[in-house]
Structure formats: structure tokens, C-alpha cells
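Asks: Return a 3D structure for these sequence lines:
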Amino acid sequence: MLEFQMFKKFTFSNRLSKEQEIEIVLKNILKVCQNITVKEFVDLCLCEYNYETDEAIKELGLEKELIDQLLEDYVAQVLKNINQFEKYIDRLKSLSKKRESGPLRESDYQDLRELAHKNLGVARNLRIKDAEKILKLIHKSTDIENIELALKLLEACAIKLKPNCAYNTLNLIKIKNSF
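Replies: This is a model prediction of the structure:
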């Protein structure tokens, strides 16, 4: 199973305080975002984006506390889905090697696209613009390398959205994976 270096880079080590860990990870996220978007996805303007709850509160008519809880649920969902995305990408790479004489079929991307679509719906509902752009790209792309880069950005954007929630979720994932 392929594990993105990003996931390892953003995994918290618990050697520092929670606040110190989050600060370091957020700095890494900014660097990674800038490195990826300098070469790819320049037109998406992802590094400058900062989510504001006001739009979701106004358009959805929900209280800030509920929006914050829904955002935390979204962050946890994305971080938990990273592993599944990776499995689908590995499968696409394997199929691609087997079919050197021809391109992958549209149906080969079905599982990946369904997972992207599921996450895209939540991002749209909560008005998370950077995630919408990234998930649309994952949903439509047939370039496996671009999909991998987009997935790294998606993970970074999810962590940036709710760092404390991401910290807790990634630590839970680490504990579950140790069994």
C-alpha cells in the first residue's frame, strides 16, 4: 500500500506540545502547497485561500457552532478517506502498467470518482472553495500524477481548515493503524 510522503510529513509526532506540533505542520502545509502550485494548479489559487464560516452561515442559515461541527466532521472524513484514495490510485497505476498498449477505461476511475464526488458534495454544502476545486480536479482528471498531487493538496487543505481536529484525527488513525 502506497502511503504519501505528505501523510507522513503531516502526521504529528507527539514529541512537542499540541500547539507546537500544529504550528510546525501548518508551516509545512504552506511550503508544500506553494511547491505544488508553483508547477501545477497555478490557476486554482489554493495557497491564498482562507475559509470563512460567514458564507456558509448566511447561505445555509445555520449557527456558527453547527457549521464548525460540520467542518470538523468534514476534516475527519477527508483524512480518513486519504487511505482509500491511495488504494484507488495504486489500482489505477497497476492497471495502467498492465495496459501499456492502451489507455485506462473510464470505468477504471469509477471508485475514485465516486469517493471524490462524495467528498465534493460535502465541500460544496459547506462552501469550502479550495476543497471544491481540488475535488473537481480529482473527479475529472485521468492523469494519475495530477490526481496524486491534488490529493496531497486536499489533505493539506483539510488540515489547514481545522488543525486541532486534524491533529486528533491523525493521531486516532495512527493508533488504529498500530493494531
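
Asks: Please enumerate the strands of this protein.
Replies: Taking DSSP state E as the criterion, the chain contains no strands.

Asks: for it, longest helix please?
Replies: The single longest helix within the chain, with elements called by DSSP state H, is helix 64-98.

Asks: Any buried residues in that helix, and which?
Replies: 67, 70-72, 74-76, 78-79, 81-82, 85-86, 88-89, 92 (16 or more other CB atoms under 10 Å). Glycine gets a C-beta too; all of them are placed from N, C-alpha and C.

Asks: Of all pairs in these, which one spans the longest distance?
Replies: Spatially, the most separated pair among the buried residues of helix 64-98 is Ile67 and Leu92, at 34.6 Å (CB to CB).

Asks: what about Arg124, distance to Glu132?
Replies: In this view, Arg124 and Glu132 are 6 Å apart by CB to CB, to the nearest Å.

Asks: I misspoke; the intended subject was Lys18.
Replies: Here Lys18 is placed at a distance of 29 Å from Glu132 (CB to CB).

Asks: Regarding stretch 58-66, how distant is the last residue from the first?
Replies: Terminal residues of stretch 58-66 lie 13 Å apart, using CA to CA, to the nearest Å.

Asks: actually stretch 97-108, not the one I typed
Replies: Using CA to CA, first and last residues of stretch 97-108 are 13 Å apart.

Asks: Now do it: everything it contacts.
Replies: Leu92, Leu95, Ser96, Thr142 (CB atoms under 8 Å, 6 or more residues apart in numbering).

Asks: Let me see the contact set for the third one.
Replies: Same thing as Ser96. Leu104, Ile144.

Asks: give me that answer again for 10 Å
Replies: Applying CB atoms under 10 Å, 6 or more residues apart in numbering to Ser96 gives the contacts Gly102, Pro103, Leu104, Asp108, Ile144.
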